[in-house]
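**Q** Here's a sequence, model it:
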Amino acid sequence: MRTDDANRMSDATDPSTRVSIATFRDSTWSGGALLGGVLLLALWRLPVFVELPWQRELAQQPLWPWGAAVLFAPHVILLCYAFATRRPRGLRCLRLPRPGRIVREGLIAIPIVLLCVIGAAWIDYVLRSLAPSISIQPHYVTGLAASADASRVILLAVFAVLVAPLTEEVFFRGCLQNAFRARMPLAVAVVAQSALFGAAHVGAGGWWLGAPYAAATFVLGLLLTFLYEWRKTLAAPILAHTGMNFLAAAGMLAMMVEIADSPVLGVRCNDRNGACEVVEVFPDSAAELAGILPGDVVVAVDEWRTADYRELVDALRLYRPGDSVVVTFQRDGSHWATTAILRSREP
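**A** Reported below is the predicted structural model:
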């Protein structure tokens, strides 16, 4: 019996016979892989800061499949990159948490999610009270909720809840945080990785519009990284991230319902260079019939100035379907004015 027990103990410690399992915390990434990840992230967000020639054309493409591809493809690439460049230290298989562990991490995430949402709502209220044009809510959320195309809202909500938490946590907390922690003090690694997480969430239109949201996301990155370092499993930040995005998506859908009775002009805009630039005109809309084209910059609706898409949405909420408004816009450096008859939002 003793001999058999000794043989079984020897087999359990023999690298050739034991089952090789690991977590992301057991993995390493080379310096080249870390640098490549940062460069990949910079390449992904480059169009936010620099307008590339193909952006306008791509923005006008149909939602399916181009819009969905633009939304999903970068995250899939980040996820694949984290796995492809991982060095498992001789351990072959990644170990998934047991169901009981996932339940515990979910229960821990619930109060953290609620506190974050309440804190974000309070900060946003204070910022809007001090300066109505400043908000930690991305401008494109208001634009999507107010658009005539509900499919884009639904697509973003599904993506935010089911895809983004997994891909972003694996890349930022699983890959970058572990790679940074292996090369620098923990506190420095947390700040550096969270700063990249915040920078990756600068919204379309440039850093001057996305800075408040990016700053809020940086703080969120700190909290998610703290949760990861505390619980030592990616399940914790993934579940917390999912909960936050779920509440944010629910808020966007609620906003869409709230303004369902307000009229629409029938345009989709980007807040670029401090202006409300039209990137898409919906077919048979008030904007199309009024002669508004992609590339035009809407500067006013009647006497209401529209410095960004949020202000355009707020101005339209003052009217009813069927009302006539004078839309002032810029085209090729000249100011133009046209009359548009606002329409109701299609169900």
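**Q** Now do the strands in this structure.
**A** Taking DSSP state E, the strands of the chain run over residues 21-22, 93-94, 267-272, 275-281, 297-301, 304-305, 324-331, 334-341.
**Q** Let me have these in a markdown table, extended by distance to Pro47, mean pLDDT and mean neighbour count.
**A** In this view, the C-beta of every residue, glycine as well, is placed from N, C-alpha and C. Formatted as a markdown table, those follow (distance: least, CB to CB, whole Å; pLDDT from 0 to 100; neighbours: other CB atoms under 10 Å):
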| stretch | distance to Pro47 | mean pLDDT | mean neighbour count |
| --- | --- | --- | --- |
| strand 21-22 | 36 | 56 | 14 |
| strand 93-94 | 33 | 70 | 13 |
| strand 267-272 | 10 | 76 | 25 |
| strand 275-281 | 12 | 83 | 22 |
| strand 297-301 | 19 | 93 | 21 |
| strand 304-305 | 27 | 89 | 14 |
| strand 324-331 | 22 | 94 | 18 |
| strand 334-341 | 27 | 93 | 13 |
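**Q** how about these in JSON lines, adding distance to Ala216?
**A** Formatted as JSON lines, those follow (distance: least, CB to CB, whole Å):
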{"stretch": "strand 21-22", "distance to Ala216": "34"}
{"stretch": "strand 93-94", "distance to Ala216": "31"}
{"stretch": "strand 267-272", "distance to Ala216": "17"}
{"stretch": "strand 275-281", "distance to Ala216": "23"}
{"stretch": "strand 297-301", "distance to Ala216": "27"}
{"stretch": "strand 304-305", "distance to Ala216": "26"}
{"stretch": "strand 324-331", "distance to Ala216": "31"}
{"stretch": "strand 334-341", "distance to Ala216": "35"}
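**Q** For this structure, which segments count as helices?
**A** Using DSSP state H, the helices found in the chain span residues 2-13, 31-49, 55-59, 68-84, 99-130, 139-146, 150-162, 164-168, 178-181, 186-199, 207-231, 235-258, 286-289, 309-316.
**Q** and Ala337, which of those helices is closest to it?
**A** Closest to Ala337 of the helices of the chain is helix 286-289 (CB to CB; 13.6 Å).
**Q** For that closest one, name the packing helices and strands.
**A** strand 275-281, strand 334-341 (3 or more CB pairs under 8 Å, 6 or more residues apart in numbering; DSSP states H and E).
**Q** least trustworthy helix or strand in the chain by mean pLDDT?
**A** Using mean pLDDT, DSSP states H and E, the weakest-scoring helix or strand in the chain turns out to be helix 2-13, at a mean of 40.
**Q** shouldn't Cys95 be in contact with Thr23?
**A** Actually, residue 95 is Arg. It isn't Cys. Yes. Using CB atoms under 8 Å, Arg95 and Thr23 qualify as a contacting pair, with a distance of 5.7 Å.
**Q** Model confidence for Pro321, exactly?
**A** Note for Pro321: predicted pLDDT of 88.
**Q** count of residues packed around it?
**A** Pro321 is flanked by 14 other residues according to other CB atoms under 10 Å.
**Q** Who are the contact partners of it?
**A** Counting by CB atoms under 8 Å, 6 or more residues apart in numbering, Pro321 touches 263, 342-344.
**Q** ok, now how distant is it from Arg152?
**A** 21 Å (CB to CB, to the nearest Å).
**Q** next one: Glu229
**A** Glu229 sits 36 Å away from Arg152, going by CB to CB.
**Q** beta partners of the closest residue to Ala286 other than its chain neighbours?
**A** Spatial nearest neighbour of Ala286, excluding adjacent residues (CB to CB, 6 or more residues apart in numbering): Ala340 at 4.5 Å. When assigned by DSSP bridges, Ala340 has beta-bridge partners Val325.
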